[in-house]
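**Q** The sequence and its predicted three-dimensional model are supplied below.
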Amino acid sequence: MTPQNILFVDDSPMVLSLLERTLTQEAFTLHTANTPKEALQVLKQHPIDVVVSDLLMPGLDGITFLRMIKKDYPHIVRIILSGHLHTQSILSAINQVGVFRFLTKPLELDDDSLKKILYEALDQAQLNRSSQYADQNVAHGLSVFIDSILNAPYRPYVLLDDQHIVTAVHAALAELYPVGSSLRHPDREGIQLTAHSLYIPYGESESSDPDLYTLDTLTVGHSSLRLIRLSEIA
């Protein structure tokens, strides 16, 4: 299992020392920083999953600090720890930072509520990482998909969504298969390119006749795109 890391940021050494003593036996690695500047250095050196930060600190306020984390480390779960929360602070945090929880000082350390919140935050961070990784894979796949079109401009193509509606088409085929039209076969389970007398079953994942056309499929989330490239214009 990948080690999990939590960073507490507070200008009170007493608070940080108390947290270190309380959480020393937990299944995550605890990091501390007295200022946002120190915290940014920790973030560069360690794969932090959760940041728990005070709001009122010298040099850089907590909202600005957490907003920077949201921008540069979007997978990190953000928690506010403060003894000075008021309505405006809460609204600012919700609108600008997207906090996971608000914790107030003094912390109740004689029960398991803090630990429960921290482990829930670690679980959310893991989900965030998985989602970010999936998004990166989709972006890479889409980039390769688009490159396959751009690198072969002489091959007329039709791009279909998962409802078999034309979403993009080569200029040479625009009149035959206009954007927004359906290529669903009226009677059979497949795609029909009428002008080319071409039928492609739904279950087909690659071309069964590469001399006539090639077929590529890209899955994006729960949807998919199909790129049909023809060897010639009808």
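**A** Cool, the structure landed.

**Q** next helix or strand past the one helix or strand in the chain whose mean pLDDT sits lowest?
**A** Here the helix or strand of the chain ranked lowest by mean pLDDT, DSSP states H and E is helix 87-96, holding a mean of 61. Remark: after helix 87-96, the chain's next helix or strand is strand 101-104, criterion DSSP states H and E.

**Q** who are the neighbours of that next one, in terms of helices and strands?
**A** When contacts are defined as 3 or more Cβ pairs under 8 Å, 6 or more residues apart in numbering; DSSP states H and E, strand 101-104 sits against strand 77-82, helix 113-150. All C-beta spots, glycine's among them, are computed from the backbone N, C-alpha and C.

**Q** So which residues make contact with the shortest one?
**A** Contacts of strand 77-82 from elsewhere in the structure, counted by Cβ atoms under 8 Å, 6 or more residues apart in numbering, are 8, 10, 49-56, 62, 66, 69-70, 89, 93, 97-105, 107, 117, 121-122, 124-125, 128.

**Q** Adjacent strands (with direction) for that strand?
**A** Looking at strand 77-82 with DSSP bridges, its partner strands are strand 50-53 (parallel), strand 101-104 (parallel).

**Q** Just tell me which of these ends up closest to residue 227.
**A** Distance to residue 227, taken as Cβ to Cβ, is lowest for strand 50-53 among these, at 41.0 Å.

**Q** angle of the next helix or strand after the closest one against strand 77-82?
**A** For strand 50-53, the succeeding helix or strand toward the C-terminus, using DSSP H and E, is helix 62-72. For helix 62-72 against strand 77-82, the angle by axes from the mean of the first three to the mean of the last three Cα atoms, to 10 degrees is 170 degrees.
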